[in-house]
Every structure is written in structure tokens, then in C-alpha cells.
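Novice: A predicted structure for the sequence below; I have some questions about it.
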Amino acid sequence: MEPHEFKINEEGLRAVLPPMEAEIMEYMWKIKVATAGEVYDYLKEKHESLRRSTVSILMNRLCERGLLKRKVGSGRGGMKYVYSVATSKEEFEKKVVESILNSLMNNFKETTVAYLSKIKK
């Protein structure tokens, strides 16, 4: 669940996740449990060229990062993955902030402490 990079010019989740993964997570945090097909149905209205296989790949990546978890379910077409959130948005944001501050402290300790003490007042 560690952010791999921080894009300083992006806002919100897009600062630590690729844009489509950020959109998927925002949706998943709202609905909690869904199949890739359900997420695809939601996203295809905004992204006409989006493919269902792309959504599946991205959701599997989010599982690898620890943001989603999946289990095998069954449906009309046979077996399918059912995804659920593995962590809350608040927990993820807290982890991102901790990771960034730890990195700043490790690399620029004096400047980070000086800045934090200045904004604390």
C-alpha cells in the first residue's frame, strides 16, 4: 500500500496513483464491492474508448498494491472475481502522508523540521 511516486503537480489521488486507477479507487470506496464488469459499466460512460480488459488489469494491479482484494465468485458466465476495498480512503491517505514525510525526514531532515515547526504555529 506504499505510494511508489508522488507527482507534485497532480491533485488528490492522482498525485500517487495513475489517473484511471485513482478513478477506480474513488468508485470502489463509494460502493465497497464490485466486479470488474460493474466498474467498467460505470467508467465507460466517461471513457468511451475504455476496454473491459483494461479495467480488469488495473483492478488486479490495485490488488497487488494492497488497495483492493479479490475472491472468486460465480455468475451467469461462470467464475469471476469479486473485488472489495482492502483499506479505507482515510487509511490510504494517512499512509501516503506518512510515507512522504518519512522520505522528507530521511533526505532533508533539518529543512523539513524547520518547515513543519513554522507551519505548526
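Specialist: All right, it came through fine. Numbers count the residues shown, from 1 in each chain.
Novice: contact partners of stretch 7-21?
Specialist: Residues outside stretch 7-21 that contact it (CB atoms under 8 Å, 6 or more residues apart in numbering) are 3-6, 22, 25-26, 43, 47, 50, 54, 58, 61-62, 96. Glycine gets a C-beta too; all of them are placed from N, C-alpha and C.
Novice: swap the cut-off to 10 Å and go again
Specialist: 2-6, 22-26, 29, 43, 47, 50, 54-55, 57-59, 61-62, 65, 67-68, 89, 92-93, 95-96, 99-100 (CB atoms under 10 Å, 6 or more residues apart in numbering).
Novice: again with stretch 87-100
Specialist: With CB under 10 Å, 6+ apart, stretch 87-100 has contacts from 1-4, 6, 12-13, 15-17, 25-26, 28-30, 65-69, 85-86.
Novice: Which of those residues are buried, as a PyMOL select command?
Specialist: In PyMOL syntax, the buried subset of the contacts of stretch 87-100 is picked out as below (16 or more other CB atoms under 10 Å):
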select buried, resi 3+13+15+16+17+25+28+29+65+67+68+85+86
